[in-house]
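1. Fold the following and give me the result.
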Amino acid sequence: MKARFWARNRQKIIQALNPFRGILKLFLAFLLKVGKKYPMKNFKAFDTIVCGGGHAGCEAALAASKVGAKTLLVTGNIDTIAKMSCNPAIGGLAKGNMVREIDALGGEMAINADATAIQFRLLNRSKGAAVQGPRAQCDKDMYALRMKQVLTQVPNNLSIFQAIVTGIIVEDDRIIGVSTDTGMEIFSTTVVLTSGTFLHGVIHIGKNKILGGRLGDFSAQYLSDSLSSYGIKFDRMKTGTPPRVLGRSIDFSACEEQRGDVSPCLFAFYDTRDQEMFDNMFDTKFAGDIKNCAILGPSFHDQKSCWITHTTPATKEIILRNISHSPLYSGEIKGIGPRYCPSIEDKCVKFPDHDEHRLFLEPEGYYSDEWYINGLSSSMPLDVQLEVLKSIPALKNARILRPAYAVEYDFAPPTQIDATLHSKIIENLFFAGQINGTSGYEEAAGQGLVAGVNAGRKSLGQDMMILGRHDAYIGVLIDDLVTKGTFEPYRMFTSRAEHRLLLNHGSADVRLLDFAEKFKLIDGTRIRRTHEKVDKINSWIMRLHSEKFETKTIGDWLVQARNRDTIAFPNDFYGETRSVQDEVIYRISYAGYLERERRAIEKSSVLEHVKIPPAFNYESVKSLSSESRQKLQLYKPQNLGQASRISGITPVDISLVLVTLEKSRRS
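-> Predicted structure coming up:
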């Protein structure tokens, strides 16, 4: 009872005693001493529990501990922390921008990817900076091992425990802990659920079904039932993965080579960190020579190549002939799969005019000979998978190490959470990652960081962080989820962000500096260095707008901006870091477009600042249609800006709600 009372009321107690924080610290220290002398059986109180050790869980646990919350990461298998269940890559268009945003907010994904990458590429390098995005192939085993090392070496506030969470403990509509398959109940003030594809996970290979959220792993059979009993709604989704084959059985002479960039764009903003911190980040046997390369200007001659090949008309014939054996088309799979990463069955059925489909052969590790066949995701029986491989010249002798499969799992429609990722149904419960209906490591990690920050701060009685659509791609992601929901695995694209010109990957540390500083997500040295970077960028923009160089105005030489070597910059400009140079050129090149987007944000921000109370009664809004009333009551938007983005809500509806809010305030 003592454990339950403390977990349930700790937040209220801390808020009430905030003016007496010094006395409170002494009192808590005394309680800790008493607890060591007279330990309670089967009890360990935490500020925050993070359930699940995937990409969302890792960022959530690190973020919660960073903001000062005593945090516990509970995961079903410590050896699969940060495991890359699907392709061995981080980043891409929009996704790479999110990874840089995670780094700007003190997360670990960017550093981990840089340290374990075996190939770097800047996508759309030949196009403008506004549409570029960094991507890296990683050594999947090293990626997971290094992240596990980071988590286990956090000096304060973070513990790890291996167990499967089987249920939640709730009192008075407030979560106070979790139960596990070990029989232990663990209590905390807040809980973050990052369950990935494991809730009632079922693997499909032809007619064969295997319980599991990943091949060779377990299925969480009880947690979603426990959540459902407290009013959380669930639906089913499906995702899939291709076969992995032995590299020496691939005929690479029938493929097109895809090399990495000689001068790669890394994910982390190293120019804002000091030398000692940088050295510590890569002080690991898994980093290889990346530390010295990154400091001196990387060449990375040891990068591994990817290869490109294609399916054939024979592949299509095999798929269509056996389509009834696919659980996706036989009715065995009920969950909706990802629209933008379809299985080979979907490609052949939905694109009948295409006789060939591109495949990317991606190495899974530097010392491994296991290869990922990107583009050949399938749930076909194993004998059909073998026949498909034989129809592709480069893979006709390929030996399968792991079969392709589909996995079906529970997700909680994200309209049940708000912009902080906090549940609207159960107090102090947060959701992040694929449980919210998203797809991808980067989307999961971004949500995990936000949920971890907010769960940690809420447990300490502090205000929470909300990223706007104009602040970050992570903000776009969360806003889309909570205002529109999703019926298929959500994947981030640049086209989803109406202010994407402001969200270029090179500006992430600058535009998110206020958040990182306010919520203490990066250290003082990095804050100071980032402020210095901002000052340099602003100073150069003012100078370049006011001066002429070699009789050319800024407008004259911006025509040549893609080739900086031909531009007549002042000599001291080349003494700045590459990231400062790039951001200056970007802002000047797109100055007119950026200004137009800023004006649009200022205009729309009026609605964002009109808050809607959680208990607002939409029945009191006269002339509001029943459809709009039902949607607003269901989604419970936090402000008029969110309300305006709900599908089916019209400007007239927003005006009616605004009038009612104003009347309520005046009365």
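
2. close enough to count as contact, Glu442 and Ala113?
-> No. Using Cβ atoms under 8 Å as the test, Glu442 is too far from Ala113 to be in contact (9.7 Å). From N, CA and C alone the C-beta is placed, and that goes for glycine too.

3. and for the two, which residues touch both?
-> Each of Ile90, Gly91, Val99 lies in contact with both Glu442 and Ala113 under the rule Cβ atoms under 8 Å, 6 or more residues apart in numbering.

4. Quick one: name whatever helix or strand follows the helix or strand hosting Glu595.
-> Assigned by DSSP states H and E, Glu595 belongs to helix 591-608. Scanning forward in sequence from helix 591-608 by DSSP H and E, the next helix or strand is helix 626-635.

5. what's the burial count for Tyr143?
-> Neighbour count for Tyr143, taken as other Cβ atoms under 10 Å: 26.

6. Ok, His609 next?
-> His609: 9 surrounding residues under other Cβ under 10 Å.

7. per-residue pLDDT, it?
-> His609 is assigned 87 on the pLDDT scale.

8. Check which residues of the helix of greatest length in the chain are buried.
-> In the chain, assigned by DSSP state H, the helix with the most residues is helix 524-546. Across helix 524-546, burial judged by 16 or more other Cβ atoms under 10 Å covers Arg526, Ile527, Arg529, Thr530, Lys533, Val534, Lys536, Ile537, Trp540, Ile541, Leu544.

9. got a list of what the fifth one touches?
-> Lys533 makes contacts with Asp271, Thr272, Asp509, Val510, Thr577, Ser579, Val580, as judged by Cβ under 8 Å, 6+ apart.

10. Could you check how far Gly375 is from Pro243?
-> 11 Å (Cβ to Cβ, to the nearest Å).

11. Any regions of the protein where pLDDT drops low?
-> Low-confidence segments of the chain (pLDDT under 70): 1-44, 274-301, 548-568.

12. Recalculate using a threshold of 50.
-> Scanning the chain for pLDDT under 50 picks out 32-41, 43, 283-300, 550-551, 562.

13. how big is the angle separating the longest helix of the chain from helix 591-608?
-> Angle, helix 524-546 to helix 591-608, by axes from the mean of the first three to the mean of the last three Cα atoms, to 10 degrees: 130 degrees.

14. the strands in the stretch 351-500 of the chain, which residues?
-> Counting by DSSP state E, counting those that start in this stretch, residue ranges of the strands within the stretch 351-500 of the chain are 358-363, 370-374, 400-402, 405-411, 429-431.

15. wait, which of those is closest to Ala45?
-> strand 429-431 (17.0 Å; Cβ to Cβ).

16. Contacts only, for Phe411.
-> Counting by Cβ under 8 Å, 6+ apart, Phe411 has contacts Leu199, Phe234, Asp235, Arg236, Met237, Gln434, Ile435, Asn436, Gly437.

17. that's a strand at the fifth one, yeah?
-> Spelled out, it's Met237. Yes. Assessed by DSSP: H, G, I helix; E, B strand; the rest coil, Met237 belongs to a strand.

18. Skipping adjacent residues, who's closest to it in space?
-> Nearest non-adjacent residue to Met237, counting by Cβ to Cβ, 6 or more residues apart in numbering: Gly335, 4.5 Å away.

19. Enumerate every residue touching the one you found.
-> Asp235, Arg236, Met237, Lys238, Glu408, Tyr409.

20. Any quick ChimeraX command for the buried ones out of those?
-> If you want just the buried ones from the contacts of Gly335 in ChimeraX, going by 16+ other Cβ under 10 Å, the selection is:
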select :237,238,408,409
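
21. Between the contacts of Gly335, which sits nearest Ile168?
-> With Cβ to Cβ as the yardstick, the closest approach to Ile168 among these comes from Tyr409, at 18.0 Å.

22. so how many other residues sit close to the residue lying closest to the closest one once chain neighbours are set aside?
-> Nearest residue to Tyr409 in three dimensions, chain neighbours excluded: Thr197, at 4.3 Å (Cβ to Cβ, 6+ apart). Applying other Cβ under 10 Å, we find 30 residues neighbouring Thr197.

23. List the contacts of Thr197.
-> Neighbours of Thr197 in contact, by Cβ under 8 Å, 6+ apart: Ser85, Gly213, Arg214, Thr239, Val407, Tyr409, Gln434.

24. Compare these and tell me which is most surrounded.
-> Gln434 (31 neighbours).

25. Neighbours of the nearest residue to that residue once chain neighbours are set aside, how many?
-> Excluding its sequence neighbours, the residue lying closest to Gln434 (Cβ to Cβ, 6+ apart) is Gly196, at 5.0 Å. Look at Gly196: counted by other Cβ under 10 Å, it has 26 neighbours.

26. and if you look at the one 5 residues further on?
-> Other residues near Gly201 come to 22 when the count uses other Cβ under 10 Å.

27. Return the distance of it relative to Asp410.
-> Distance from Gly201 to Asp410, by Cβ to Cβ: 8 Å.

28. His609 and Asp479: what is the separation?
-> Counting by Cβ to Cβ, the gap from His609 to Asp479 is 15 Å.

29. rewinding a little: check the offset of the helix holding Glu595 from the chain's centre.
-> Distance of helix 591-608 from the chain centroid (Cα atoms, centre = their mean, to the nearest Å) equals 26 Å.

30. Ok, stretch 186-196 next?
-> Centre to centre, stretch against its chain (Cα atoms, centre = their mean), the figure for stretch 186-196 is 18 Å.

31. same thing with stretch 651-667?
-> Put simply, stretch 651-667 sits 36 Å off its chain's centre (Cα atoms, centre = their mean).

32. can you check stretch 377-395 too?
-> For stretch 377-395, the distance to the chain centre is 31 Å (Cα atoms, centre = their mean).

33. got the buried residues for that stretch?
-> 377-381, 384-385, 387-389, 391-392, 394-395.

34. Would you mind measuring the gap between the ends of that stretch?
-> Start-to-end span of stretch 377-395 (Cα to Cα, to the nearest Å) is 15 Å.

35. Find the residue closest to Gly53 in space, skipping its chain neighbours.
-> Nearest one to Gly53, counting by Cβ to Cβ, 6+ apart, is Thr75 at 3.1 Å.

36. mind listing what that neighbour touches?
-> Cys51, Gly52, Gly53, Gly57, Ile81, Ile160, Phe161, Gln162, Ala163.

37. now swap in Leu395 and tell me
-> Per Cβ under 8 Å, 6+ apart, neighbours of Leu395: Val245, Ile250, Asp251, Thr309, Ile373, Leu389.

38. Please name the residues that touch the third one.
-> Translated: Asp251. Asp251 neighbours (Cβ under 8 Å, 6+ apart): Pro393, Ala394, Leu395, Lys396, Asn397.

39. Which one of the residues you listed is nearest to Ile323?
-> Within the contacts of Asp251, proximity to Ile323 (Cβ to Cβ) peaks at Leu395, which comes in at 20.6 Å.

40. And the spatially most central residue of the chain, how far from Ala63?
-> Taking Cα atoms, centre = their mean as the criterion, Glu443 is the residue nearest the geometric centre of the chain, at 2.6 Å. Note on Glu443: its distance to Ala63, by Cβ to Cβ, is 16 Å.

41. ditto for Val165
-> 19 Å.

42. Verify the stated contact: Tyr405 with Ser379.
-> Yes. Counting by Cβ under 8 Å, Ser379 is a contact partner of Tyr405 at 6.1 Å.
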